[in-house]
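Engineer: Model the following, please.
(4 chains, ligands or ions: 12)
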Amino acid sequence: MSKKYDTPLLDELKKGVFPSFVVEMEKAAARSDMAADLLGQVELSYKEKLTHWKHGGIVGVRGYGSGVIGRYSDIPDKFPGVAHFHTVRINAPSGFYYTSNALREIMDLWDKYGSGMTNMHGSTGDMILLGTRSENLEPLFAEVSSRGWDLGGSGSAVRTPSCCLGMSRCEWSNIDSQAITYDITQHYQDEMHRPAFPYKFKFKIAGCAVDCIASIARADMSVIGTWRDKIRVDQNEVKNYASKMDIKAEVVDLCPTGCITYTGGELTIDDSNCSRCMNCIARMTKALRPGVEKGATILLGSKAPIVTGALMSWVIVPFMKMEPPYDEFYELVDKIWEWWDENGKNRERIGELIERLTFPRFLKDVGIEPHPAMVKEPRRDPFFFWSEEDIKR
Amino acid sequence: MSKKYDTPLLDELKKGVFPSFVVEMEKAAARSDMAADLLGQVELSYKEKLTHWKHGGIVGVRGYGSGVIGRYSDIPDKFPGVAHFHTVRINAPSGFYYTSNALREIMDLWDKYGSGMTNMHGSTGDMILLGTRSENLEPLFAEVSSRGWDLGGSGSAVRTPSCCLGMSRCEWSNIDSQAITYDITQHYQDEMHRPAFPYKFKFKIAGCAVDCIASIARADMSVIGTWRDKIRVDQNEVKNYASKMDIKAEVVDLCPTGCITYTGGELTIDDSNCSRCMNCIARMTKALRPGVEKGATILLGSKAPIVTGALMSWVIVPFMKMEPPYDEFYELVDKIWEWWDENGKNRERIGELIERLTFPRFLKDVGIEPHPAMVKEPRRDPFFFWSEEDIKR
Amino acid sequence: MSLPDRKTDIGPPHYEQFLHPVIKKNFGKWKYHEEINAGVMVHVAESGEKIYTVRAATPRLLATDTIREYCDIAEKHCDGYLRFTTRNNVEFFVDSESKVQPLLDDLKSKDYLVGGIGARISNVVHTQGWVHCHSAATDASGLVKVIMDEFHEYFSSKELANRCRIAVACCVNMCGAVHCSDIALVGVHKTPPRIMHEGVKNSCEIPSTIASCPTTAISPDPANKSVKIKLEKCMYCGNCYSVCPAMPIADTENDGIAIVVGGKVSNLRKPPMFSKLAVPWLPNNPPRWPEVVDVVKIILKEYEKGARKHERMGEWIARISWEKFFSVTGLEFKIQHIDDFTYARETFRTTAAFKWT
Amino acid sequence: MSLPDRKTDIGPPHYEQFLHPVIKKNFGKWKYHEEINAGVMVHVAESGEKIYTVRAATPRLLATDTIREYCDIAEKHCDGYLRFTTRNNVEFFVDSESKVQPLLDDLKSKDYLVGGIGARISNVVHTQGWVHCHSAATDASGLVKVIMDEFHEYFSSKELANRCRIAVACCVNMCGAVHCSDIALVGVHKTPPRIMHEGVKNSCEIPSTIASCPTTAISPDPANKSVKIKLEKCMYCGNCYSVCPAMPIADTENDGIAIVVGGKVSNLRKPPMFSKLAVPWLPNNPPRWPEVVDVVKIILKEYEKGARKHERMGEWIARISWEKFFSVTGLEFKIQHIDDFTYARETFRTTAAFKWT
Ligand code: SRM
Ligand code: SRM
Ligand code: SRM
Ligand code: SRM
Ligand code: SF4
Ligand code: SF4
Ligand code: SF4
Ligand code: SF4
Ligand code: SF4
Ligand code: SF4
Ligand code: SF4
Ligand code: SF4
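Structural biologist: Numbering: from 1, shown residues only, chains lettered A, B, ... in the order given. Ligands and ions are numbered 1, 2, ... in the order given. Sure thing, here's the model as predicted:
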């Protein structure tokens, strides 16, 4: 198929070593008029330095309030192929593993019902099918769901939980991040597909404090694997490393708590002072391994900067065993949501709400005991509140 | 004179090694009924665990709006000696140096007109004469002022500036903190004695970053001596220290910028990376001395926690020569006050005002160029303002 | 053509069915890994079994045909197994060393950019931009492309002191971990929204529009049954536009790119850090944004030159100080660098100890 | 008895007239100093001249007779020169080593506590308390006395890792550098002010009383021509009482002492630090506040045991972590330790890296 539009500006982005998204759009355009018009409209945006999308209306599939992002061109007359250009969020499998068969199946359906463009993956972790018309949503959904796939979250709902690859291919994972993610996703299908919250709620699960899923920066609830006991040290392997690296410079001196000593070829860790930052383990993965009493730290609240500034998640439960059926975990989540539901304003994320009503109030209301791991440092100004039971009458 | 009241609780505080304030009160009580009644009332406070002072009214000396803190007992019938118990703030000489003659003169006057109790000194740096009656204020003032002394500040005014002893007895002082303090005090006599500000304004001047006057914590404007060039190193003295101390542990390893090297008995400082924190100099005062291009860093804003939390002063001018007649300094202060006067609410300190209207706005209005030394780190959330001249129309 | 029966609330397929047999067998029993080169690593299980991972860059915005091509490769070399990483690379698995080179050769013959493992620049986490979002102040995919064209060697071979995570967000909604990235580009507006009174009247809920503004710049305009904006209060966040589409904020000349640096999310050595502002605004200059590329180049070069082994961007800056960051990069320190937002106070320099620059 | 003519706005006497001749001559030309012992140091000028300083504790609250006694000593040993330090100690100067011992002997014979120089506990910066302030939640002088009775050896002989600066403020107005001290005691209230409607009506300005409340807990009470307080919003700061004396807040059973630790103002090594809450409340138990003394003892002992040379309290805690501070001291971590004030967010633990306790 010959090119529908001249795209001199985008053509500049076919040059260079890195794989080109323009080539991708052209590939899709060769099959799909929607993709062809996408190319045309994006070229115009490049020329005018302006987006040409309209804020989406409410579109979706029957019985679901989420999973589809409505999108319309603001110049549909010029580019009728993108008059509707909704995205469909398909819940990706935990850890983003696929077989070619599974992928092909989805791709075939997408060529049938959509633009042939995808994002592998969206920032939240969905498989994003980019661009289709309202009338195609139902048939597409019937086809994918009948084959075992479902939509992800959007709107004021639980968003598609995601995780690092965890135990599947990483020697450091303290929790089965994939199993947990799968379980949470199944457990909260209703909360995911039928928005009923003040705002979005994201879960991200990392197997260890390396946090390869960036959970601490972009999940309302971050679950990060850790251990309670001692780093396991294999002194023979320490000796092997000694010939390859400068253990003092790369391990001992970079330990943030200064709890490692290395003398006479032996490496000793004062585990009572270790903060489990993972640096030493990452440097000497053959010699050092996380302990065996495993679980997770639960952190709450991160989000992007709108409205009062970016938040990172902070510790609310220092240690929780994360084993099926995860009762303790779900109980906690449910209590938090109940509180959010009661107190949250529209479009107020949990982190913002806690900030507004204060962290101590959150802890009291939700019934969590204060713990020094929750703060970097205690408060400075001595303006604290007391309850009736603290007062002598 | 026998004891006017039984003071069993206070008597407990005559025991112990540290000099006792109760003994002091008794000494004064031996001469003064006011002091005797003070003892009685304080004993009652110890018993009841309650203060017995009333919020002071407006008392003072003619033509001055400050320098005296009014204070009245709330049980004057019981303790008539402290029915009035105002304090008089005498502006202490810079550096708190005295001769015995000068002190005796004041003490004699105080025995004549007051309770015989003092504070040497108040936290702001005044000599505090503790406890007199309204009718004694004028004569006392006539006597002290005729002898060359004056009152300090109080209320919404410039408060008595104070300083470390600086060049008088410290080898590290980069500025003549006493001369500067004296000059500021003289320059702003009117602003000190006739409150006309939104709230109090304090100056504290330290000769170096050791800050022996705690200026960074408790002065609206903190002036801290520093240098622009290189630390002077005497390698011979370095050698002498080598035999007495562990130079690596106490100097090299404690340098916060890691800019010191010590090899072959030579100590080298990469001054371009030195932050002038003073640690190395304090450790090896015979070998290391501040540079010779001296001046001060000006910081603004510190105060106690009421109302929005404690503030420490922060950098507004990284380097200013501090030499008489201090024109640049006074110009800056005047511009800041003008801005404070225009914008400040009642009882709003300069630091709080800047926080409320923002630091960038302060810099623009007052005409100070932004400089990276003003911040620990740049802002994080990309929500910044632009002016008309930054916009393409 | 009848449709199959739809199912609801079944969730995603279980991941286990997609795991390579060696991965499945050694699940949770990995012992260590070794980085063989920028594009290949091996994980060794307690059982002694090994899985070799070969990683290649993707532009994330993928045509179905490209994904089919990945499938072809996976079928040819990896029994059909593959995965994507959290930074949008594609990974192929083989279970013996001998299978690695043929796979690499195949990828090379198809011009794949293999790499991204270890202390390098990996793929750029990014967002929709002009390709799909109404809120975009710039394009994301284009910026990713020009940045990675420039730095591809740091993906496929050259090493840095540590990982350097780059991210792009097309507006301050920041749909990515932009706020905690080593280097991030953010599309920003510089002018307040324009109010289309007709549209506001007809299609926006006025109270929620007013409430959406973090700086309380918006107030009712009863005459027009619309709203008005107090211009000097507006920080161009676009939050009102997300709530009320009749307040478009995009501006062809004044929209641009801010660069923030020094963030991280990992807990190694130093706790996670927010990115901080390096450059408040550079012009939106598609298709190849030369001004942006130049600045990123300067920052990266200084990091490369100055950072000690294992230091992330933010750790390097923390060590040398922000004032030195500005002096070594030659970037101008402007009034916009000084915080005036929620937590401004905590960024003021409350010490007399800083470096001369 | 006629009074002399008053003068105004003359400022303090010029300090120069009070300087010891050796100090005056070598002003700005000091070369180095040496600490001879806890109470004696010598400063050596470039000229080779020396000034010996002998320091002794004062209770700050001084009777004129005591000051005359200092004058006697100064006249006998120091040509009449003396000074006070920024922490309320008194200093005597002699210009040769031979004059030091007689001075010390004299001080000793009068039971002076000589010391406070170097890495020790110096005098306690403090405030008025029940001796003079209407706002006091506790007494300051009494607390200073009992603390220093307990730790006098750290003033006169024993060394610590570094200076340990103790401060006392009798209310949250904090008339001292309490908010940046190694250890500080602060008098705090635990109950809201009581409103004396008659008094409010007659002697307070209602708008400024309402405006004085940082938490907007106060609102008008038109019925009483007075104000009312929303109890759950009041943080007992006493700010309203400073503006309106008819709202007394002092409470004999519930007022008490909070202990904050880890602050400093010097810039050496680490930048200045705020003190942080160690204990939110201990009972006000005059005359000797045993509960307070005990806790300070525990904190100081752990600091003494744990700190490395030159580490201030805050540096020691930063190194071992706050969670370890609570575990080594055995102090209870309570809900009050968690910040809910202006900058609360910045104190939350945004990392998974912390120590088990
Ligand atoms: C598709 C995706 C970007 C991408 O290219 O990958 C995306 C796209 C949009 N995001 Fe996002 N967000 C996406 C991940 C994120 C993330 C990252 C994450 O989830 O890990 C964030 C930051 C973390 C967070 O949640 O704060 C993020 C923070 C936002 C925000 C700011 C929310 C806030 O509370 O600060 C908005 C604004 C809003 O909610 O109105 C937003 C709004 C949007 C909207 C729906 C714009 C809108 O207001 O209508 C975008 C639709 C674009 C489009 O045309 O499809 N998006 N958004 C990501 C979702 C794909 C997926 O499901 O996998
Ligand atoms: C006497 C003195 C305490 C002492 O025992 O030394 C003192 C005593 C009072 N201070 Fe203070 N302040 C004294 C130094 C300070 C300091 C320290 C300093 O100046 O270095 C501070 C902390 C730094 C600061 O300025 O923030 C301080 C912060 C306050 C505050 C809180 C102000 C704020 O903005 O946060 C108040 C409350 C007020 O202004 O209403 C206050 C109010 C008071 C009042 C006037 C109480 C009142 O509201 O009437 C006290 C009178 C007590 C009395 O009965 O004499 N005093 N006050 C100090 C002054 C003596 C002198 O002139 O040398
Ligand atoms: C495959 C992936 C997880 C996944 O589920 O997809 C992954 C996999 C591994 N990471 Fe990661 N990380 C992955 C995203 C991340 C992220 C998240 C992100 O970039 O958004 C981070 C946090 C980055 C940050 O802090 O901003 C991350 C920070 C690390 C670090 C810590 C680096 C540091 O010192 O700060 C290590 C440890 C190391 O190797 O030094 C690490 C180490 C590893 C190891 C060696 C873990 C292991 O033992 O297997 C894995 C292979 C190394 C590699 O890729 O170089 N991985 N890694 C992700 C690959 C993304 C990519 O395509 O490049
Ligand atoms: C006399 C005095 C100044 C004055 O104008 O009165 C003074 C004098 C000296 N100080 Fe100071 N400092 C004095 C209050 C301070 C203060 C302010 C305060 O405590 O409120 C501080 C800041 C404390 C803080 O950070 O909280 C202070 C922190 C220091 C330090 C830094 C300690 C540290 O490592 O943090 C040094 C340097 C050193 O010797 O290590 C120092 C060093 C010195 C030297 C050695 C300076 C010199 O070369 O002469 C002086 C004698 C040593 C001594 O007293 O041990 N001086 N010194 C003050 C004596 C107060 C007292 O009676 O104890
Ligand atoms: S977060 Fe930890 S467990 Fe998960 S992939 Fe990264 S290093 Fe492995
Ligand atoms: S995990 Fe981190 S804190 Fe613990 S020993 Fe290793 S480097 Fe040190
Ligand atoms: S602040 Fe500096 S100059 Fe002043 S006395 Fe202290 S050490 Fe000396
Ligand atoms: S003054 Fe401080 S920063 Fe400078 S060299 Fe000395 S120890 Fe290092
Ligand atoms: S960052 Fe902004 S413009 Fe980009 S996808 Fe997210 S909401 Fe849309
Ligand atoms: S762009 Fe942001 S700050 Fe400006 S009016 Fe809209 S919501 Fe308010
Ligand atoms: S701290 Fe409070 S009670 Fe003590 S003197 Fe200052 S204002 Fe008065
Ligand atoms: S004590 Fe403080 S918080 Fe309570 S009502 Fe008074 S001013 Fe408000």
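
Engineer: I'd guessed A:Cys164 sits against A:Cys212; true?
Structural biologist: Yes. Judged on Cβ atoms under 8 Å, A:Cys164 makes contact with A:Cys212 at a distance of 4.0 Å. For every residue, glycine as well, the C-beta is placed using N, CA and C.

Engineer: Let me see the contact set for the closest residue to A:Pro324 other than its chain neighbours.
Structural biologist: Leaving out its chain neighbours, the residue that sits closest to A:Pro324 by Cβ to Cβ, 6 or more residues apart in numbering or on different chains is A:Asp183, at 6.8 Å. Counting by Cβ atoms under 8 Å, 6 or more residues apart in numbering or on different chains, A:Asp183 touches A:324-326.

Engineer: how about the residues you listed in a markdown table, adding distance to B:Asp334 and neighbour count?
Structural biologist: Formatted as a markdown table, the contacts of A:Asp183 follow (distance: Cβ to Cβ, whole Å; neighbours: other Cβ atoms under 10 Å in any protein chain shown):
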| residue | distance to B:Asp334 | neighbour count |
| --- | --- | --- |
| A:Pro324 | 71 | 9 |
| A:Pro325 | 71 | 9 |
| A:Tyr326 | 66 | 18 |
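
Engineer: for the residues you listed, which one is nearest A:Thr160?
Structural biologist: A:Tyr326 (18.0 Å; Cβ to Cβ).

Engineer: tell me the pLDDT at the closest one?
Structural biologist: Looking at A:Tyr326, its pLDDT stands at 98.

Engineer: Toward the C-terminus, what is the element adjacent to the worst-scoring helix or strand of chain A on mean pLDDT?
Structural biologist: Within chain A, no helix or strand scores below strand A:53-54, which has a mean of 92 by mean pLDDT, DSSP states H and E. Sequence-wise, the next helix or strand downstream of strand A:53-54 (DSSP states H and E) is strand A:68-69.

Engineer: Tell me which strands that following strand pairs with, and in which orientation.
Structural biologist: As defined by DSSP bridges, the strand partners of strand A:68-69 come to strand A:86-90 (antiparallel).

Engineer: could you give the mean pLDDT of the helix or strand just after the strand it pairs with?
Structural biologist: Going down the chain from strand A:86-90, the next helix or strand is strand A:97-99, by DSSP H and E. Here strand A:97-99 scores 98 as its mean pLDDT.

Engineer: Over to stretch A:284-302?
Structural biologist: 98.

Engineer: Endpoint to endpoint, it covers what distance?
Structural biologist: One end of stretch A:284-302 sits 31 Å from the other (Cα to Cα, to the nearest Å).

Engineer: again with stretch A:316-330
Structural biologist: 14 Å.

Engineer: Flag every buried residue along that stretch.
Structural biologist: Under the neighbour-count criterion of 16 or more other Cβ atoms under 10 Å in any protein chain shown, stretch A:316-330 has A:316-320, A:322, A:326, A:329 buried.

Engineer: Repeat that for stretch C:140-154.
Structural biologist: C:140-152, C:154.

Engineer: Give the helix, strand or coil label for the closest residue to ligand 10 within the stretch 101-250 of chain A.
Structural biologist: Residue of the stretch 101-250 of chain A nearest ligand 10, by Cβ to the nearest ligand atom: A:Tyr199 (16.2 Å). The local conformation at A:Tyr199, judged by DSSP: H, G, I helix; E, B strand; the rest coil, is coil.

Engineer: That one contacts A:Asp341, doesn't it?
Structural biologist: No. Under the criterion of Cβ under 8 Å, A:Tyr199 makes no contact with A:Asp341, lying 11.1 Å away.

Engineer: So between those two, which is more surrounded?
Structural biologist: For A:Tyr199 versus A:Asp341, neighbours defined as other Cβ atoms under 10 Å in any protein chain shown are more numerous around A:Tyr199 (20 against 11).

Engineer: Look up how far A:Ile336 lies from that one.
Structural biologist: Per Cβ to Cβ, to the nearest Å, A:Tyr199 is found 14 Å from A:Ile336.

Engineer: ok, how many other residues are close to C:Thr215?
Structural biologist: A count of nearby residues for C:Thr215, using other Cβ under 10 Å, gives 17.

Engineer: In contact with it, which residues are there?
Structural biologist: Applying Cβ under 8 Å, 6+ apart to C:Thr215 gives the contacts C:233-235.
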